[in-house]
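**Q** Here is my input; please provide its structure:
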Amino acid sequence: MLVCRYRRGVAIDTPELWADICVSPHDSLEKAHCKLARSKSVPLDITINFTPRVDNSSGAMESIIHAMDLIRPALWRARSFRLSVPNKPQAHAALLRCREEAPYLESLCIRVFHSMQEDHYSSPCLPLFKGHTPRLRSCSFTSFNFNWDRRVVPNLRVLQLGGYWNGSSPSVDTLLDILRGCPGLEELALRNMSDVDPETCVSLEHEFMSTKVVKLPRLTKASFYYAGIMRTRMLLSQISFPALESLDFCYLDNLTPVLEHLRQQSLTSLPLKFLRIESSFLNEPKFIMLLRRLTSLDVTCFLLKNLSSPPVAHPWVCPKLDRLNLDGCTALEWDALRGLVESRLSGRPSQLSSASAAAASRSSFVSTASASAHIHALSHSRPATPTVQPRRLSPIDVTRC
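**A** Below is the predicted model:
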């Protein structure tokens with residue numbers, strides 16, 4: 001691209017334009033060297049990204065070392081540092097060069113693609129940046145062994161951990177200890193971890209009865225993706241999250257005990273707006289009771305009959321529901337879906353949805369009907385409450401149904 005010499009001079013003399021430093025198979029060292037020189041002394045966003053596609057090339061390790069040697073004199077002014085390498089020996093070689101203090105570092109991301117690979121680098125190359133990262137607020141580690149040292153992850157706002165298997169997966173005590181050091185945490189994500197030993201959790205439950213709950217008053221987003229049901233259950237039983245708005249559960253087997261912890265939290269404060277449950281099973285009556293507590297929930301739900309036909313003298317379940325996602329449901333009852341749409345248009349249970357519920361009660365596949373019957377049985381023992389008109393459904397996704 002050709003520009004006049006005046007515009008070129010302005011661009012070269014604006015160091016903020018050259019603060020994004022990237023080294024990868026598609027971004028050369030020469031380009032990084034040029035940007036480092038032109039960025040002068042402004043904070044840098046540094047990315048070193050080598051995907052597993054270049055893992056077998058003989059020059060992968062050499063390229064990573066050369067990139068770190070080039071960037072090392074400027075690490076003191078790094079604002080964010082992202083390292084993605086195929087295996088742990090390469091990560092170890094790169095992090096050995098992170099010995100300078102990083103007073104401006106705010107975000108740290110270390111990702112090792114081959115998380116299941118066995119190697120001889122079990123001892124971490126600590127402390128990173130001489131342990132001096134006063135502004136660090138976001139950490140994302142994938143298969144990076146930092147010996148679960150609290151000094152590496154202090155006072156964070158975002159913590160993402162993943163790719164820890166077998167003996168390298170964190171215990172519940174370890175995670176709680178890290179969370180205690182992050183009272184201002186706003187986002188927590190645990191992904192792809194071997195579950196803890198159930199026998200160990202039995203003994204921990206008695207110990208937790210006498211320990212204080214970890215308070216996370218600013219936590220608004222949490223995600224547990226194949227993180228182990230025992231680990232998830234024990235964690236949620238020991239933390240308080242009164243500001244939680246988004247929650248993901250994926251591949252966690254039986255979520256019923258977790259629903260009880262959410263219900264207990266909802267007795268005080270649980271402004272949940274987004275709830276995702278994927279590839280897990282649960283007790284539907286308990287799930288319905290939880291949904292009745294989550295008045296701010298406006299996300300997807302699959303119990304169509306209970307959503308379209310609230311019990312007598314009971315408020316609507318999820319009155320703020322305005323988006324419905326049924327992607328992949330193999331046993332979808334179209335009459336029930338039609339009844340739900342009609343009931344949400346008028347604010348009253350439709351006759352079609354009532355008839356569909358009656359027909360479903362006579363069939364052999366009636367998991368949601370049993371939950372509805374349980375709710376109706378409880379309705380006689382509770383006083384009437386003012387009803388809130390439900391929102392109209394806008395998008396409905398029935399892909400692969």
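**Q** hey, let's count contacts and neighbours off CA atoms from now on
**A** Fine.
**Q** what about the closest residue to residue 238 other than its chain neighbours, neighbour count?
**A** Once flanking residues are discounted, residue 238 sits nearest to residue 213: 5.0 Å by CA to CA, 6 or more residues apart in numbering. By the measure other CA atoms under 10 Å, the count of residues near residue 213 is 16.
**Q** swap in the one 3 residues further on?
**A** Applying other CA under 10 Å, we find 20 residues neighbouring residue 216.
**Q** Contacts only, for it.
**A** 183, 184, 185, 239, 240, 241, 242 (CA atoms under 8 Å, 6 or more residues apart in numbering).
**Q** So residue 296, which state does it fall into?
**A** Put simply, residue 296 is coil when judged by DSSP: H, G, I helix; E, B strand; the rest coil.
**Q** Go ahead and confirm it touches residue 318.
**A** Yes - with contact defined as CA atoms under 8 Å, residue 296 counts as touching residue 318 (7.4 Å).
**Q** out of the two, which sits in the busier spot?
**A** residue 318 (24 against 18).
**Q** thinking again about what came up before, reformat the contacts of residue 216 as a markdown table; add neighbour count and pLDDT.
**A** Formatted as a markdown table, those follow (neighbours: other CA atoms under 10 Å; pLDDT from 0 to 100):
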| residue | neighbour count | pLDDT |
| --- | --- | --- |
| 183 | 18 | 95 |
| 184 | 18 | 96 |
| 185 | 23 | 97 |
| 239 | 19 | 94 |
| 240 | 21 | 94 |
| 241 | 24 | 95 |
| 242 | 20 | 95 |
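**Q** where's the spatially most central residue of the chain, which helix or strand?
**A** Nearest to the mean C-alpha position of the chain, by CA atoms, centre = their mean, lies residue 223 at 2.9 Å. Assigned by DSSP states H and E, residue 223 belongs to strand 221-225.
**Q** My read is that residue 19 contacts residue 47, right?
**A** No - counting by CA under 8 Å, residue 19 stays clear of residue 47, with 11.0 Å between them.
**Q** more neighbours, these two?
**A** Neighbours were counted for residue 19 and for residue 47 using other CA under 10 Å; residue 19 has more, 23 against 17.
**Q** Quick one: residues contacting that one.
**A** Counted by CA under 8 Å, 6+ apart, residue 19 has contacts 35, 36, 39, 42, 43, 44, 45.
**Q** thinking again about what came up before, list the contacts of the residue nearest to residue 238.
**A** Contacts of residue 213 (CA under 8 Å, 6+ apart): 238, 239, 240.
**Q** do residue 99 as well
**A** Counting by CA under 8 Å, 6+ apart, residue 99 has contacts 127, 128, 129, 130.
**Q** And residue 153, by the same measure?
**A** 139, 178.
**Q** What sits closest to residue 326 if chain neighbours are left out?
**A** residue 398 (5.1 Å).
**Q** thinking again about what came up before, give me the buried subset of the contacts of residue 99.
**A** Among those, those classed as buried by 16 or more other CA atoms under 10 Å are 127, 128, 129.
**Q** and these as TSV, adding secondary structure and pLDDT?
**A** Formatted as TSV, the buried ones among the contacts of residue 99 follow (DSSP: H, G, I helix; E, B strand; the rest coil; pLDDT from 0 to 100):
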residue	secondary structure	pLDDT
127	coil	84
128	helix	90
129	helix	91
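**Q** now those in CSV, with distance to residue 196?
**A** Formatted as CSV, the buried ones among the contacts of residue 99 follow (distance: CA to CA, whole Å):
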residue, distance to residue 196
127, 27
128, 28
129, 31
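**Q** Tell me the spacing between residue 274 and residue 25.
**A** Applying CA to CA, to the nearest Å, the value for residue 274 to residue 25 is 39 Å.
**Q** With residue 33 instead?
**A** 15 Å.
**Q** cool, residue 68 as well?
**A** Where residue 25 is concerned, residue 68 sits at a distance of 14 Å (CA to CA).
**Q** just residue 400 next, same as before
**A** Distance from residue 400 to residue 25, by CA to CA: 38 Å.
**Q** Which of the two has more residues huddled nearby?
**A** residue 25 (15 against 9).
**Q** wait, what's in contact with the closest residue to that one other than its chain neighbours?
**A** Nearest residue to residue 25 in three dimensions, chain neighbours excluded: residue 50, at 6.7 Å (CA to CA, 6+ apart). The neighbourhood of residue 50, defined by CA under 8 Å, 6+ apart, consists of 24, 25, 60, 64, 84, 85, 86.
**Q** can you check residue 143 too?
**A** 111, 112, 113, 114, 115, 162, 163, 164.
**Q** Return the closest of those with respect to residue 392.
**A** residue 162 (38.5 Å; CA to CA).
**Q** where does the closest one fall, helix, sheet strand or coil?
**A** Relying on three-state DSSP, one would call residue 162 strand.
**Q** residues near it, how many?
**A** Neighbour tally, residue 162, other CA under 10 Å: 21.
**Q** Now do the contacts for it.
**A** Residue 162 touches 141, 142, 143, 190, 191, 192, 193, counting by CA under 8 Å, 6+ apart.
**Q** cool, residue 15 as well?
**A** Per CA under 8 Å, 6+ apart, neighbours of residue 15: 38, 39, 40, 41, 42.
**Q** Phi first, then psi, for it.
**A** Phi and psi for residue 15, reported as degrees, to the nearest 10, are phi -60, psi -20.
**Q** How much space separates it from residue 104?
**A** 17 Å.
**Q** for residue 275, same thing?
**A** Counting by CA to CA, the gap from residue 275 to residue 104 is 35 Å.
**Q** Strands of the chain, residue ranges please.
**A** 20-23, 44-49, 78-85, 107-112, 138-142, 158-164, 187-193, 214-215, 221-225, 239-240, 246-254, 274-281, 324-325, 396-397 (DSSP state E).
**Q** Which one of those lies nearest to residue 11?
**A** Comparing the strands of the chain under CA to CA, the one sitting nearest is strand 20-23, at 14.1 Å.
**Q** That closest one pairs with which strands, and in what direction?
**A** Strand 20-23 has the following strand partners under DSSP bridges: strand 44-49 (parallel).
**Q** what angle separates the strand it pairs with from strand 107-112?
**A** Following axes from the mean of the first three to the mean of the last three CA atoms, to 10 degrees, one obtains 10 degrees for the angle between strand 44-49 and strand 107-112.
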